[in-house]
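**Student:** Provided below for reference: sequence and predicted model.
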Amino acid sequence: MIIIPKKNHKISRKKISKNALKILCRLKKSGYQAYLVGGSVRDLIIGNQPKDFDLVTNATPFEIQKLFKNCRLIGRRFQIAHIMFKKEIIEVSTFRGNNQHHKKKRYKKKEKFGILLRDNVFGGIEEDAERRDLTINTLYLNIFDLSIRDYVGGIKDIKKKIIRLIGDPETRYREDPVRILRVIRFSAQLKMKIEKKTAIAIPKLAKLLSYVPGARLYNELNKLLQTGFGYQAYKKLKKFCLLKRIFPFPFLDYNKKINFLINKLTINVLKKNDQKIQKKKKINPAFLWSAILWYPYFINTIKIKKKKKMTYKDASYISLKKILKKASYMLSIPKQIIYSIREIWKIINIITYHKENLFYQIKKNKKFYEAHNLYILKKNIEKKINFKKKLIK
């Protein structure tokens, strides 16, 4: 363990949330250990302003709840405390223990592939450091003397710009496959290289992503693709052959031209979203999902139309329900987002088939801007390869 004193770094209390400071002080006054931990410490070292401030303590979740009336406990796999303020939620977790040596089975539970389903084993700060995933996120800031505790070489990896898993990568990915996406995310976000062993294990264990609950996968994908570095993250997903694991049906083996269209449209939307976020403009999460799922929906519509000899409108309705139901089941996409995707696609169909009597009506629709942008993007891409319905078999 290395302790980095205040004189060796530039972290200031002024950049730390006042609510986080209050919680740390109360925990300390109540006789508990408490530290600022994780990504916030990393960002403060790099010189970025943290978005969230996570804390860690030796107080148990129920002890934390007794100290703070504005606290609620969440999580089944590992219970943590959320302390609620008007404009902020501070996450406080208890030091994790080494589950391998814990005798009581009710505190830990594994799935047959090694995935941890429950892990409420508490311990000390050294054990907690071993249980965290990335070295760069395993730094503990003592708010009173502003010293940093580094148990796993996180400072060194920040300086070298390396993303490294703590411990054996295969074991850590098996415990929680979402770590694969976290490695990709931080590599893209911080423009850091993935350490060799950490990278090699990704393709081997990518199949485990299919066992991650849909809601958790959806949340992680939004962090990965819709927070300002989506294009770089997408390139890394392709590099590690993860797209078919995460989006099985949009990235099926269509012919080369269809695959080109899906890939190109997704990339163009990601770039557009990244530019907006960098300019601090809001984005509609449904815009990206509309693009990713558009060609599977369109191709399926044409196939139904031919097979059942229906009108495009009727086939479109059946296809829309089928594709969105499948997407919702696999990724637990919220109903609000599903509704937005449906509206965007309907507007695109109206624009495509020149139903002029409906133009005035659809321009009033809140989703018209996204739909029109997606229509222009896909039209420009299709022109380049002379895309026609005949390409769909």
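**Tutor:** Nice, thanks for sending it over.

**Student:** burial count for I381?
**Tutor:** If you count neighbours by other Cβ atoms under 10 Å, I381 ends up with 18. Where you see a C-beta, it was placed from the backbone N, CA and C, and this is true even at glycine.

**Student:** looking at this, it is in a helix?
**Tutor:** Yes: when classified by DSSP: H, G, I helix; E, B strand; the rest coil, I381 is found to be part of a helix.

**Student:** where do the helices of the stretch 1-150 of the chain begin and end?
**Tutor:** 18-29, 39-46, 61-67, 125-131 (DSSP state H, counting those that start in this stretch).

**Student:** could those helices go into CSV alongside mean pLDDT and mean neighbour count?
**Tutor:** Formatted as CSV, the helices of the stretch 1-150 of the chain follow (pLDDT from 0 to 100; neighbours: other Cβ atoms under 10 Å):
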stretch, mean pLDDT, mean neighbour count
helix 18-29, 96, 17
helix 39-46, 95, 21
helix 61-67, 94, 17
helix 125-131, 92, 19
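
**Student:** where does the stretch 1-150 of the chain have low pLDDT?
**Tutor:** Judged by pLDDT under 70, the stretch 1-150 of the chain has its weakly predicted residues at 76-77, 99-120.

**Student:** quick one on the thing from earlier: for the helices of the stretch 1-150 of the chain, give me CSV that also has distance to A199.
**Tutor:** What follows is the helices of the stretch 1-150 of the chain, written out as CSV (distance: least, Cβ to Cβ, whole Å):
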stretch, distance to A199
helix 18-29, 33
helix 39-46, 20
helix 61-67, 35
helix 125-131, 21
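
**Student:** which one of these lies closest to K322?
**Tutor:** helix 39-46 (39.2 Å; Cβ to Cβ).

**Student:** so which of the helices of the stretch 1-150 of the chain is nearest I304?
**Tutor:** Closest among the helices of the stretch 1-150 of the chain, using Cβ to Cβ: helix 39-46, at 46.1 Å.

**Student:** any idea of the angle that closest one forms with helix 18-29?
**Tutor:** In terms of direction (axes from the mean of the first three to the mean of the last three Cα atoms, to 10 degrees), helix 39-46 departs from helix 18-29 by 110 degrees.

**Student:** what packs against helix 39-46?
**Tutor:** strand 139-142, helix 154-160 (3 or more Cβ pairs under 8 Å, 6 or more residues apart in numbering; DSSP states H and E).

**Student:** single out the most deeply packed of those.
**Tutor:** strand 139-142 (a mean of 23; mean count of other Cβ atoms under 10 Å).

**Student:** and N273, what does it touch?
**Tutor:** If you count contacts by Cβ atoms under 8 Å, 6 or more residues apart in numbering, N273 has them with 226, 230, 283, 287-288.

**Student:** and those residues, which is closest to K236?
**Tutor:** Looking across those and measuring by Cβ to Cβ, the closest to K236 is G230, at 10.8 Å.

**Student:** backbone dihedrals for the closest one, please?
**Tutor:** phi -60, psi -40 (degrees, to the nearest 10).

**Student:** coming back round to it: export the contacts of N273 to CSV and tack on distance to K335 and neighbour count?
**Tutor:** CSV is the format used below for these (distance: Cβ to Cβ, whole Å; neighbours: other Cβ atoms under 10 Å):
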residue, distance to K335, neighbour count
Q226, 18, 20
G230, 23, 25
I283, 19, 19
F287, 17, 22
L288, 17, 24
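
**Student:** of those, which is the nearest to I136?
**Tutor:** G230 (20.8 Å).

**Student:** picking up where we left off before, let me have the helices and strands packed on helix 39-46 in TSV, extended by distance to D274.
**Tutor:** Converted to TSV, the helices and strands packed on helix 39-46 look like this (distance: least, Cβ to Cβ, whole Å):
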stretch	distance to D274
strand 139-142	28
helix 154-160	24
